[in-house]
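Participant: next input, structure requested:
(chains A, B, C and D)
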2 protein chains.
Amino acid sequence: MTLSTSQSGAEKSGGTAHSKDSLRLWLRLLSCSVILEKRIRLRLKREFSTTLPRFDVMAALDRRPEGLTMGQLSRQILMSNGNVTGLVARLIEEDLIYTQATEKDRRIQRVMLTRKGQALFRRMAAAHERWIDASFRELSDREITAQLGSLARVRQSIDRNPI
Amino acid sequence: MTLSTSQSGAEKSGGTAHSKDSLRLWLRLLSCSVILEKRIRLRLKREFSTTLPRFDVMAALDRRPEGLTMGQLSRQILMSNGNVTGLVARLIEEDLIYTQATEKDRRIQRVMLTRKGQALFRRMAAAHERWIDASFRELSDREITAQLGSLARVRQSIDRNPI
DNA sequence: GGCGAATACTTTAACCTTAAAACATCTACA
DNA sequence: TGTAGATGTTTTAAGGTTAAAGTATTCGCC
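Facilitator: Numbers count the residues shown, from 1 in each chain, chains lettered A, B, ... in the order given. Just a heads-up that it's a prediction; the model follows:
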């Protein structure tokens, strides 16, 4: 959640036209994400006294009523194992999720939302959707669809040119 | 730097067409940012033994040879005052930046890059530009320009519909 | 001059984050 | 049946992050 703006420094060092425009595109993409993400964090805190990472954990679990292992959870939300350990501990503390040991493999436990967690998540997800909707209010449905398509291209380029 | 995916939960609760597509757009925007940002963090660490926030501080200072106050710096990179205090302390420790007291107002100090910091930043900025360029390799110059324009619309909508 | 409010910054407490090391358990195979 | 290596998870150390409280200094106004 940082906003790196090395643009003008890079301009001095004279890259190609493509690299300069790529940098501008990256900074614009990043600024949209950072601003909206900050907004979401703020509202999650103010209205639900929670954080975005906790919301993300609950969102992943909401999609899998049968539960997820710690490893599946960490892969799902692109977060390190150790980090998930801490988040899950805090969410259990709040009685929003619980774990259930597995018979076969004693290293593994399934993590699931509690009733309380399900109810809270539903409210949070609805609010989250409203916040995003409001932020994109000025974009027509057609613009949004077009933007979805072109961002798919961006994503594809990122995925196919790793590291 | 999280990836919130409340999509399917929200689908169940039935928002408008606009709100559903807005959510999809947000998740796509976010996934592009998160993936690329992780990549940049990894490479900054591997190749320069530094972090993205430190890079951001140095980038802001590189654009202002006359220096920035702590407050200007924190506003520039969208970061809390307290956070900047810690980052600046670590960068001073590494001899990459230095501070200079001001005559008029003893509460204020100007922060600037050292020679060593300038030299390092130039190398980092060039590498950063290459990484981004490589990630967007598959996008034509025309696509990038078009994307810049439509993201400007997105940004405008975000800015004009705050909180 | 002096004092209250405003301004600039730092400290603190709590949390998020990761990579790497440590730990626990399982699996395969001698 | 051990045991070596693979797999799943937690712990640890170091740092990034914020809001809120605290400190220092300046400014405006009497």
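
Participant: alpha carbons only for contacts and neighbour counts from here, please
Facilitator: Fine.

Participant: return the distance of the helix or strand hosting A:Tyr98 from the chain's centre.
Facilitator: A:Tyr98 is located in strand A:97-101, with elements delineated by DSSP states H and E. In terms of CA atoms, centre = their mean, to the nearest Å, the centre of strand A:97-101 is found 23 Å from the chain centre.

Participant: from A:Leu87, how far off is the residue nearest the centre of chain A?
Facilitator: Residue closest to the average C-alpha location in chain A (CA atoms, centre = their mean): A:Asp56, at 6.2 Å. Going from A:Asp56 to A:Leu87 by CA to CA, to the nearest Å gives 10 Å.

Participant: returning to what we had before: the residue nearest to the centre of chain A contacts B:Leu3, doesn't it?
Facilitator: Yes. Counting by CA atoms under 8 Å, B:Leu3 is a contact partner of A:Asp56 at 6.7 Å.

Participant: what's the overlap in contacts for the two?
Facilitator: Taking CA atoms under 8 Å, 6 or more residues apart in numbering or on different chains as the criterion, A:Asp56 and B:Leu3 both touch A:Ile77.

Participant: rewinding a little: got the CA positions of the strand holding A:Tyr98 in CSV?
Facilitator: Extracted in CSV, the C-alpha atoms of strand A:97-101 (Å, rounded to 0.1, in the frame of the first residue of the first chain):
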residue,chain,number,x,y,z
ILE,A,97,-14.3,-18.3,12.8
TYR,A,98,-13.4,-21.7,14.2
THR,A,99,-11.2,-24.6,13.4
GLN,A,100,-12.0,-28.3,13.2
ALA,A,101,-9.3,-31.0,13.4
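
Participant: got a list of what A:Asp133 touches?
Facilitator: Shown in contact with A:Asp133 (CA under 8 Å, 6+ apart): B:His18, B:Ser19, B:Lys20, B:Ser22, B:Leu23.

Participant: now with 6 Å?
Facilitator: The neighbourhood of A:Asp133, defined by CA atoms under 6 Å, 6 or more residues apart in numbering or on different chains, consists of B:Ser19, B:Ser22.

Participant: does it belong to a helix, a strand or coil?
Facilitator: helix (DSSP: H, G, I helix; E, B strand; the rest coil).

Participant: ok, it to A:Ala127 distance?
Facilitator: 10 Å.

Participant: buried ones in the strand or helix carrying A:Glu129?
Facilitator: Using DSSP H and E, A:Glu129 sits within helix A:115-135. Neighbour counts over helix A:115-135 (16 or more other CA atoms under 10 Å in any protein chain shown) mark A:117-118, A:120-122, A:124-135 as buried.
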